[in-house]
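> Structure here, sequence nowhere to be found:
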Ligand SMILES: Nc1ncnc2c1ncn2[C@@H]1O[C@H](COP(=O)(O)OP(=O)(O)O)[C@@H](O)[C@H]1O
Ligand SMILES: Nc1ncnc2c1ncn2[C@@H]1O[C@H](COP(=O)(O)OP(=O)(O)O)[C@@H](O)[C@H]1O
Ligand SMILES: [Zn+2]
Ligand SMILES: [Zn+2]
């Protein structure tokens, strides 16, 4: 059985073919240029596999996810040049007449993690996934469904309280200044210290500040969903960073509710090599096939 | 058809009997003293109605809502003297062998609002309800289900950014200091100004500060659930207050996502005279009956 995955990122596209065990058989990646060129490359890749059964697509956004809307399957109000109001699903559907699953990039990763825990016989039914990279995004799954009624979550843009040593940083979100993304995404390292995050050792106190904000996001997710797992991926995250996040989480939550095993509650992605999204897309492709 | 409602508040209990149209036939209220006395009064009220079919119970908390847990139906770690680890559902069930629906006080109100919108043929499938009173609580309904996997939401205790004119107020939450409840619940008026909220005119600038925090709660709910309605009840809320909340919401969200009709998005309860909880409990009693 051949399943397809499209990770449509703002910087690059990754397309992959996998089997029913979610092993990658072939994959390709190329930069995200204009919609026409990028989607033609995507289609040409999948055309090589006439036995392909369905495709899971996880896209940068904002995107329209409500099937009742005329622009379902579009990338909508993105600031990315050329991509505003792009009929992604319509274009793919016309070229490859297959069942498609359409969701956000971070929902794809969330679903990959959820499916990996299920496979491990870890009897999980709720999971929140954050990515902390160029931006901050979140996906939430409860009982096999994505959360989001009138649209997908945008939990990267909630407000948080400033760290006492970070009161004067105005934040870098073009919409909100000091929302979570504006205070704790990857580019905030450079905005504060003039140096990229990957070049700042974890001993630098800025990491405590970032951990303080991500801990607040985890508290928000906890008090809102009471989920079983909070997975934190993206370029900024690491096991050593999460040690700091857990410590701040514990202090801030102050035992208001009991979290049994914090080390297994706020965790790095289970799927290795950034593979959560591809795995999630394969699993969602299978969903699209089965619910046809 | 006779349905029952128990609003189990930390200060008082309200028990009611209603018909299938959720009209109240008889109701009683009495102070919340010790569990034994209070639950006996509750049981004696319902024993007068041998035709009663089921009861919806919305209780102060925290409570155990997971049916899989041995202490399902208990009030658990409450600070209220005498009530810690009270087997609420077990006690009621033993005295009155009826189908029971067990949820939090604010979920009861949320469900009352949801059911009122449904009745108005307002085709709603997602709603967030906040109460701003002695504390702040929230209930969330998506597709007829309450949100909350390992427990019920505690969205009153999320963190928010301080209002620029409120930087020095430390907040009054015994757990977190300056969480949402610590900054914006009813008793914070007195903590800041020495005067009860009901005695402070809406022209006082403290109301802008409270609105700023409640707007952040509404933004959090919006970016997390993308719900169709956010209902704000409780003693502190009023239509004039919500005018302020909407203005702050608009400014803070800064058109990051489009909210079509803000005046009909952040709203006062639809059910009049604080009747949301009773109505919700009747509707949940009916659910308990139908899912038996
Ligand atoms: N080890 C690291 N520590 C801190 N920041 C990092 C690290 N690695 C990458 N980043 C930052 O994360 C961002 C890139 O995130 P990434 O998740 O890799 O990609 P994207 O979000 O664009 O898909 C950049 O701002 C980069 O500076
Ligand atoms: N009109 C008002 N304006 C501001 N605060 C009020 C108002 N009415 C009541 N309050 C405050 O709200 C709290 C009581 O909230 P309420 O919802 O009536 O009860 P509870 O939350 O205890 O069930 C008290 O702190 C009270 O001072
Ligand atoms: Zn933002
Ligand atoms: Zn608190």
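Thanks, I have the structure now. Note that this is a predicted model, so its numbers are computed, not measured. Ligands and ions are numbered 1, 2, ... in the order given.
> now the closest residue to residue A:287 other than its chain neighbours, what's its secondary structure?
Distance criterion Cβ to Cβ, 6 or more residues apart in numbering or on different chains; nearest residue to residue A:287, sequence neighbours excluded, is residue A:101 at 5.8 Å. Where C-beta positions appear, they are placed from N, C-alpha and C, glycine not excepted. When classified by DSSP: H, G, I helix; E, B strand; the rest coil, residue A:101 comes out as strand.
> Mind pulling up the pLDDT for residue A:101?
Residue A:101 is assigned a pLDDT of 98 by the prediction.
> Can you give me the distance of it to residue A:127?
For residue A:101, the distance to residue A:127 (Cβ to Cβ, to the nearest Å) stands at 17 Å.
> For residue A:68, see how far away the most centrally placed residue in chain A is.
Centroid-nearest residue in chain A, with Cα atoms, centre = their mean: residue A:106, separated by 1.9 Å. Distance from residue A:106 to residue A:68, counting by Cβ to Cβ: 23 Å.
> Then residue A:81?
29 Å.
> now swap in residue A:5 and tell me
From residue A:5 to residue A:68 the distance is 26 Å (Cβ to Cβ).
> and what of residue A:292?
Taking Cβ to Cβ, one finds residue A:292 at 19 Å from residue A:68.
> where do the strands sit along the stretch 51-200 of chain A?
A:52-59, A:74-75, A:86-87, A:100-104, A:126-132, A:136-142, A:145-146 (DSSP state E, counting those that start in this stretch).
> ok so, going back, pretty sure the residue nearest to residue A:287 is touching residue A:280, no?
No: with contacts counted by Cβ atoms under 8 Å, residue A:101 stays clear of residue A:280, the gap being 9.6 Å.
> List, one by one, the residues from chain A near ligand 1.
Residues of chain A found near ligand 1 (Cβ under 6 Å from any ligand atom) are A:9, A:11, A:133-134, A:186-187, A:189, A:196-198, A:234-236.
> So among those, which ones count as buried?
Listed as buried from the residues of chain A next to ligand 1 are A:9, A:133-134, A:186-187, A:189, A:197, A:234, A:236; burial here means 16 or more other Cβ atoms under 10 Å in any protein chain shown.
> which pair in the residues you listed spans the largest distance?
A:9 and A:189 (20.5 Å; Cβ to Cβ).
> Chain A - how does it break down into domains?
Using automatic domain parsing, the domain ranges for chain A come out as A:2-104, A:121-267.
> got the contact list for stretch A:267-278?
For stretch A:267-278, contacts defined as Cβ atoms under 8 Å, 6 or more residues apart in numbering or on different chains pick out A:5, A:7, A:14, A:16, A:18, A:22, A:24, A:27, A:58, A:105, A:108-110, A:112-113, A:116-117, A:120, A:129, A:229-233, A:237-239, A:242, A:279.
> By neighbour count, sort out the buried ones in those.
A:5, A:7, A:14, A:16, A:18, A:22, A:58, A:105, A:108-110, A:112-113, A:116-117, A:129, A:229-233, A:237, A:242, A:279.
> Just these: which are in helices?
A:105, A:108-110, A:112-113, A:116-117, A:242, A:279 (DSSP state H).
> Run through the residues of chain A sitting next to chain B.
A:62, A:125-126, A:140, A:142, A:147-155, A:157-162, A:175-176, A:178, A:216, A:219-220, A:223-228, A:252, A:254-257 (Cβ under 8 Å from any Cβ of the partner chain).
> The helix ranked longest in chain A vs strand B:126-132, what angle?
Secondary structure of chain A per DSSP H: the longest helix is helix A:206-225. Here the directions of helix A:206-225 and strand B:126-132 differ by 100 degrees (axes from the mean of the first three to the mean of the last three Cα atoms, to 10 degrees).
> just the angle between helix A:206-225 and strand A:136-142, please?
Using the same axes, to 10 degrees: helix A:206-225 against strand A:136-142 is 30 degrees.
> returning to that earlier point: how about the residues of chain A next to ligand 1, which pair is most distant?
A:9 and A:189 (20.5 Å).
> Residue A:47 against residue A:97, yeah?
No: between residue A:47 and residue A:97 no contact is recorded; they are 11.7 Å apart, counting by Cβ under 8 Å.
> When these two are compared, which one has more neighbours?
residue A:47 (11 against 8; other Cβ atoms under 10 Å in any protein chain shown).
> Next up, the contacts around that one.
A:95-96.
> Ok, which of the domains of chain A comes nearest ligand 2?
Evaluated over the domains of chain A, closeness to ligand 2 peaks at domain A:121-267, with 18.3 Å, by Cβ to the nearest ligand atom.
> does the closest one come close to ligand 4?
No: against ligand 4, domain A:121-267 shows no contacts by Cβ under 5 Å from the ion, the least distance being 6.3 Å.
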